[in-house]
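Enquirer: here is my input; please provide its structure:
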Amino acid sequence: MTRVQIQGVTKKFGRQEVLRGIDLDVQEGERLVLLGPSGTGKTTLLRIIAGLEVPDRGAVLFDGEDVTRIPPRDRNLAFVFESLALWPHITAYENIAMGLEFRGLPQDEIQRRVQRVAEYLGIGAFLDRRPTQLSAGQMQRVALARALTREPRLFLFDEPMAHLDPPLRVQIQRELLKVHADTGATFIYVTHDQATASRLAHRVAVMHQGKIEQVGTADELYDHPKTWFVAGFIGPHLMNFFDVVIRQGEGGLVADSGQFRMPVPDRAIEYLWEWRDKEVVLGIRPEHIHHPAFLPKAVTTTSPLKRIRAQLDLKELLGDKQLYYCKGFKISKVRAHVQSLILGEGFEYYEMTEGDTFLALVDAAADDPVGETIELDVEVDQCKFFDPQTGRAIYS
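Expert: Numbering: from 1, shown residues only. Predicted structure coming up:
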């Protein structure tokens, strides 16, 4: 088990600053996932931890020792690449054993380690096959076996399951969790997939434009995002954002969009009191907007609701739920901004929908006809509020 500390790490490629002052502390035996869209610097940071890249500034520490300039072979870690990096012209056994041979281990020790790990991962019967003769799952296990035979103190994974079908991906994830439970080693895993992060991580570090936006458990990131980027990126559907002004009403504060007035949650009043008569950004997740006829049981007893009316523009069936695309309230350009950061196409969507389409996730049994004006209930306590200038949460 190894504690990994990243201190002020900066990295440029040419004029492009890929990492901007990264600070991160990964505890001994922790499973930490670096999560973010493509191009945020996740892989570069992982390669710096491995010693495959050297930072322009900052330091990497293993158990308090500065290893920033120590070569990868002397760091006692294993790196599982996205491409798996298996040699196609040699057998699975030879691929697994190659690293041990480079380290000069005796052949009997190499054979013992390879056989033990192969049996552990269930690939003992395939060791004489070449990678082209193996299934995708078997190749994944060969790459993992090669890492395990090193008996490292630290495992680094660079999206090794990105190209697997979902059922196989889940199976390999379970095997990784078993490996972690049995070895107790520190895991650092890079992915852009939230589901993978939720399954594998003790904590998740969300990266954006070369910086770490927030570190926390999957639940903390979802329930209490510190920025509107984290709020928009984390969750099954992009958050709805609205420009509102905080007003003082008879019963407390309200968020006034000019088209609706949303009560400010009681717990948020102290944070928003100084924002009276000022504009903020209101965030509401689609899964916190419900059909009145199909309210979840927990919602009816725990959360005050605000009834709104909107026109149903489109329906998308998602198993036992359906996504309602609703018109009637002008959404903030923050939503387009966040979507463009995630997908690179946010403003096109904003213009296409004339900036007034928001989402609600309702029960699949709801049968409202498209084109009709419908009523929806918003969970008031789930509203988030953000500074329109900095994007940081005022209350979440």
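
Enquirer: next, residue 133: phi, psi?
Expert: Note on residue 133: its backbone torsions stand at phi -100, psi 10 [degrees, to the nearest 10].

Enquirer: would you mind measuring from residue 383 to residue 333?
Expert: For residue 383, the distance to residue 333 (C-beta to C-beta, to the nearest Å) stands at 19 Å. Placement of C-beta: from N, CA and C, glycine included.

Enquirer: assign residue 170 to helix, strand or coil.
Expert: helix (DSSP: H, G, I helix; E, B strand; the rest coil).

Enquirer: list the contacts of it.
Expert: Residue 170 is in contact with residue 199, counting by C-beta atoms under 8 Å, 6 or more residues apart in numbering.

Enquirer: looking at residue 383 and residue 333, which one has more neighbours?
Expert: residue 383 (23 against 16; other C-beta atoms under 10 Å).

Enquirer: sec struct for residue 247, please.
Expert: Assignment for residue 247 (three-state DSSP): strand.

Enquirer: going forward, count from 669.
Expert: Sounds good: first residue 669 from here, last item residue 915.

Enquirer: these two touch, right, residue 981 and residue 995?
Expert: Yes - Residue 981 is in contact with residue 995 according to C-beta atoms under 8 Å; the separation is 4.9 Å.

Enquirer: any common contacting residues for the two?
Expert: Listed as contacting both residue 981 and residue 995 by C-beta under 8 Å, 6+ apart are residue 1025.

Enquirer: what about the helices in the stretch 819-968 of the chain?
Expert: Remark: helices assigned in the stretch 819-968 of the chain by DSSP state H, counting those that start in this stretch are 834-851, 862-868, 886-891, 896-901, 937-940, 965-970.

Enquirer: now residue 938: how far from residue 1062?
Expert: From residue 938 to residue 1062 the distance is 11 Å (C-beta to C-beta).

Enquirer: tell me which of these two has more neighbours.
Expert: The residue with more neighbours, out of residue 938 and residue 1062, is residue 1062; 18 against 9, by other C-beta under 10 Å.

Enquirer: still on that earlier bit, quick check: which of the helices of the stretch 819-968 of the chain is nearest to residue 707?
Expert: Residue 707 lies closest, by C-beta to C-beta, to one member of those: helix 896-901, at 13.5 Å.

Enquirer: need the contact partners of that closest one.
Expert: So helix 896-901 is contacted by 704-705, 874, 876, 881-882, 889, 893, 906-907, 909, 949, 951, 1002-1003, 1006-1007, 1009-1010, 1052, 1054, 1059, 1061, 1064 (C-beta under 8 Å, 6+ apart).

Enquirer: that one - what's its average pLDDT?
Expert: What helix 896-901 shows for mean pLDDT is 94.

Enquirer: repeat that for stretch 805-823.
Expert: So the average pLDDT for stretch 805-823 ends up being 86.

Enquirer: with stretch 986-998 instead?
Expert: 92.

Enquirer: run the chain-centre distance for that stretch.
Expert: Its chain's C-alpha centre and that of stretch 986-998 lie 23 Å apart, by C-alpha atoms, centre = their mean, to the nearest Å.

Enquirer: same check, this time on stretch 960-970
Expert: Averaged C-alpha coordinates place stretch 960-970 at 28 Å from its chain's average position (C-alpha atoms, centre = their mean).

Enquirer: how about stretch 841-860?
Expert: Distance, centroid of stretch 841-860 to centroid of chain: 16 Å (C-alpha atoms, centre = their mean).

Enquirer: which outside residues touch that stretch?
Expert: Residues outside stretch 841-860 that contact it (C-beta under 8 Å, 6+ apart): 669-672, 694-706, 710-711, 714, 717, 789, 809, 812, 816, 820-827, 829-830, 864-865, 867-869.

Enquirer: sorry, back to before: tell me which of the contacts of helix 896-901 fall in strands.
Expert: Counted as lying in strands by DSSP state E, out of those, are 874, 876, 881, 882, 909, 949, 951, 1052, 1054, 1061.

Enquirer: switch those over to TSV; also include pLDDT and neighbour count.
Expert: Formatted as TSV, the ones in strands among the contacts of helix 896-901 follow (pLDDT from 0 to 100; neighbours: other C-beta atoms under 10 Å):
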residue	pLDDT	neighbour count
874	97	26
876	93	21
881	96	23
882	98	21
909	94	26
949	96	24
951	96	25
1052	97	24
1054	97	25
1061	97	21
